[in-house]
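**Student:** I'll drop the sequence and a predicted model, then ask my questions.
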Amino acid sequence: MLFTRGMLTVPAGLSGMSVKRFLALSALGTVVFESALAALYVFGGQVLA
């Protein structure tokens, strides 16, 4: 999963996205992704542990 998230930076760089916009969208994506993982852990029991 980390490799996939890391590879998303390549199209952002090639498209000429500003650093400010990239950081904002990256932070938002991180919050959503980590929240989904936390919800899976909380509501799915200790399946991920």
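**Tutor:** Received, thanks.
**Student:** which regions of the chain sit below the pLDDT cut-off?
**Tutor:** Scanning the chain with the threshold set as pLDDT under 70 gives 1-2, 5, 46-49.
**Student:** rerun that using 50 as the cut-off
**Tutor:** For the chain, applying pLDDT under 50 flags no range at all.
**Student:** Please, where are all the strands along it?
**Tutor:** Applying DSSP state E to the chain gives no strands.
**Student:** Could you pick out the longest helix of the protein?
**Tutor:** Of all the segments assigned as helix in the chain under DSSP state H, the longest by residue count is helix 19-43.
**Student:** What distance do you get for Ser18 to Phe33?
**Tutor:** Going from Ser18 to Phe33 by C-beta to C-beta, to the nearest Å gives 22 Å. For every residue, glycine as well, the C-beta is placed using N, CA and C.
**Student:** quick one, which of these two is more surrounded?
**Tutor:** Phe33 (12 against 9; other C-beta atoms under 10 Å).
**Student:** Please report how far the more buried one lies from Gly13.
**Tutor:** 20 Å.
**Student:** Phi first, then psi, for Met17.
**Tutor:** Dihedral pair for Met17: phi -60, psi 140, per degrees, to the nearest 10.
**Student:** Could you give the number of residues near it?
**Tutor:** Neighbour count of Met17, defined by other C-beta under 10 Å: 14.
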